[in-house]
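A.B. asks: I would like to see how this sequence folds:
(chains A and B)
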Amino acid sequence: MALVASVLDLIGNTPLVDVSQLSPKPNVHIYVKLEGQNPSGSVKDRIAMAMLDAAEAAGELAPGKIVLEPSSGNTGIALAMICQIRGYHLKIVLPENVTAERRQVLEAYGAEVISSPGAEGSNGAVRLAQQLSDEHPDWVFLYQYGNEANPTAHYTGTGPEILADLPEITHFVAGLGTSGTLMGVGTYLKEQKPSVKVYAVEPPSGERVEGLRSLDDGYVPPVFEKWGGLELLDGKRIVRPIESLVFTRRLVNEAGVFAGISAGAALAGAVKVAERLDDTEEAHIVFVASDGAWKYLSTGAYSDPIDDVAANLNDVIYF
Amino acid sequence: MSDTATSTVTVRLPTVLRPQANGQSTVELSGSTVGEVIAALVAQYPGLKSNIQDDDGNMRKFVNVYVNDEDIRFLDKLDTAVEAGAEVAILPAVAGG
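C.D. replies: Numbers count the residues shown, from 1 in each chain, chains lettered A, B, ... in the order given. Take a look at the predicted model:
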């Protein structure tokens, strides 16, 4: 590793690791893109940097300015790292029911945390941030769900990295949150290699979100609609907490990859894709580990009785 | 299975919809496609209709429907076939990130 001038120079260019020992079929190879290697520990460093750079280029940001963002954790943490270095005051609207580690890391990087009701999940954080933005027009509201810099960072960064490292890629699987990773990487890969299939996985979070008054309180990120998500994706599936945990543990136990719970969900999706292929078909499936395991230790995800942890995860946001 | 076969499936409802279905989290219904199952659901629990369908009978934008955990928007939408024992889940779209 080279000597660098700032941790911000370490964003991107993450490794792709062959974890084909986890594949159900000998002809199907599986690879994980280790986004936890980014300096604040998640894929969100890429979009945090891109959104702040775009706001600076647009003349909206200057030292001392206040930056506002709703986040279930990783985007907030990434922004906090960069804002501290660049001298911006960051306010993160964070649902109450994220892991304690997420809140602690945000505070370590100097962010101000504004809690939103846990019962409303991420949708509640988005709504509160929008309300605060309306009340404080001088605050810079980045809004990752609708910010073009989000998918663009993956279109210009993550996607080209994957194709350069693995020209043989046939399938791409990632978690759906803001949809930025899937839209940016998926669009790039299909432009360069139209035969590539793109699949989304998501947790069943809507099932237990009790703060929704009706389904009209649901939320589809503007990025997903603007980038044609319905046409771009080849499939989208729910991965339930127990299955996410099983594959998160297999990832660390069989491949030594100590990743967050959403990585297990993405691996479960990759294995499902593999199982449906013809036995003779050769495939190269890439999935994204959005972050490392460190921020989920308090859930017991890696060691406690798995059914107990799965039950608890119904009430914790881990995407 | 033929196109006209009717299957008994389990419909899972999210917390937000349970009050309109006598508080139940799951309902057993019959149909050969997701569309038929949804029609049977709103026939049995009319209070659900405006929550999941618009005036033209289309699924609302923020409603996701899954058959055995796969989003039907990427299958055959409401024409997606269901087999006996399948699980149809209705969930509100939520954000992550």
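
A.B. asks: thought B:Val16 was touching B:Pro92?
C.D. replies: Yes - using CB atoms under 8 Å, B:Val16 is in contact with B:Pro92, at 6.4 Å. Every C-beta, even on glycine, is put in place using the N, C-alpha and C of the backbone.

A.B. asks: more neighbours, these two?
C.D. replies: Shown here are B:Val16 and B:Pro92; by other CB atoms under 10 Å in any protein chain shown, B:Pro92 has more neighbours (27 against 23).

A.B. asks: mind listing the residues bridging to that one?
C.D. replies: B:Val63 (DSSP bridges).

A.B. asks: you'd agree it is up against A:Gly218?
C.D. replies: Yes - contact criterion CB under 8 Å: B:Pro92 and A:Gly218 qualify, at 3.8 Å.

A.B. asks: and A:Ala58, how many neighbours?
C.D. replies: That count, for A:Ala58 with other CB under 10 Å as the rule, works out to 9.

A.B. asks: the strands in the chain, which residues?
C.D. replies: Defaulting to chain A. Taking DSSP state E as the test, the strands found in chain A are A:16-18, A:28-34, A:66-70, A:89-95, A:112-116, A:140-141, A:171-175, A:197-202, A:235-238, A:283-289.

A.B. asks: I was after chain B.
C.D. replies: Here chain B has its strands, by DSSP E, at B:7-12, B:26-31, B:63-67, B:70-71, B:87-92.

A.B. asks: thinking again about what came up before, tabulate the strands of chain A (a markdown table), appending distance to A:Arg103 and mean pLDDT.
C.D. replies: Shown next, in a markdown table, are the strands of chain A (distance: least, CB to CB, whole Å; pLDDT from 0 to 100):
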| stretch | distance to A:Arg103 | mean pLDDT |
| --- | --- | --- |
| strand A:16-18 | 30 | 98 |
| strand A:28-34 | 24 | 98 |
| strand A:66-70 | 14 | 97 |
| strand A:89-95 | 7 | 97 |
| strand A:112-116 | 6 | 96 |
| strand A:140-141 | 21 | 98 |
| strand A:171-175 | 21 | 97 |
| strand A:197-202 | 23 | 97 |
| strand A:235-238 | 27 | 96 |
| strand A:283-289 | 22 | 98 |
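
A.B. asks: pipe the ones you listed into CSV and attach mean neighbour count per row.
C.D. replies: Listed next are the strands of chain A as CSV, based on neighbours: other CB atoms under 10 Å in any protein chain shown:
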stretch, mean neighbour count
strand A:16-18, 15
strand A:28-34, 23
strand A:66-70, 25
strand A:89-95, 24
strand A:112-116, 17
strand A:140-141, 22
strand A:171-175, 28
strand A:197-202, 24
strand A:235-238, 22
strand A:283-289, 25
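
A.B. asks: among those strands, which is nearest A:Ala268?
C.D. replies: A:Ala268 lies closest to strand A:197-202 among these, at 7.0 Å (CB to CB).

A.B. asks: packing partners of the closest one?
C.D. replies: Packing contacts for strand A:197-202, counted by 3 or more CB pairs under 8 Å, 6 or more residues apart in numbering or on different chains; DSSP states H and E, involve strand A:171-175, helix A:180-192, strand A:235-238, helix A:261-276.

A.B. asks: residues contacting A:Ala100?
C.D. replies: A:Ser298 (CB atoms under 8 Å, 6 or more residues apart in numbering or on different chains).

A.B. asks: helix or strand with the lowest mean pLDDT in chain B?
C.D. replies: helix B:49-52 (a mean of 90; mean pLDDT, DSSP states H and E).

A.B. asks: which strands or helices does that one pack on?
C.D. replies: Partner elements for helix B:49-52 (3+ CB pairs under 8 Å, 6+ apart): helix B:34-44.

A.B. asks: now do the buried residues in the helix it packs on.
C.D. replies: Neighbour counts using 16 or more other CB atoms under 10 Å in any protein chain shown place B:34-42 of helix B:34-44 among the buried residues.

A.B. asks: again, but for stretch A:123-143
C.D. replies: In stretch A:123-143, counting by 16+ other CB under 10 Å, buried: A:123-129, A:132-133, A:139-143.

A.B. asks: could you dump the buried residues of helix B:34-44 to a markdown table with pLDDT and distance to chain A?
C.D. replies: Conversion of the buried residues of helix B:34-44 to a markdown table gives the following (pLDDT from 0 to 100; distance: CB to the nearest CB, whole Å):
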| residue | pLDDT | distance to chain A |
| --- | --- | --- |
| B:Val34 | 96 | 15 |
| B:Gly35 | 95 | 18 |
| B:Glu36 | 96 | 21 |
| B:Val37 | 97 | 17 |
| B:Ile38 | 96 | 13 |
| B:Ala39 | 95 | 18 |
| B:Ala40 | 96 | 19 |
| B:Leu41 | 97 | 14 |
| B:Val42 | 95 | 13 |
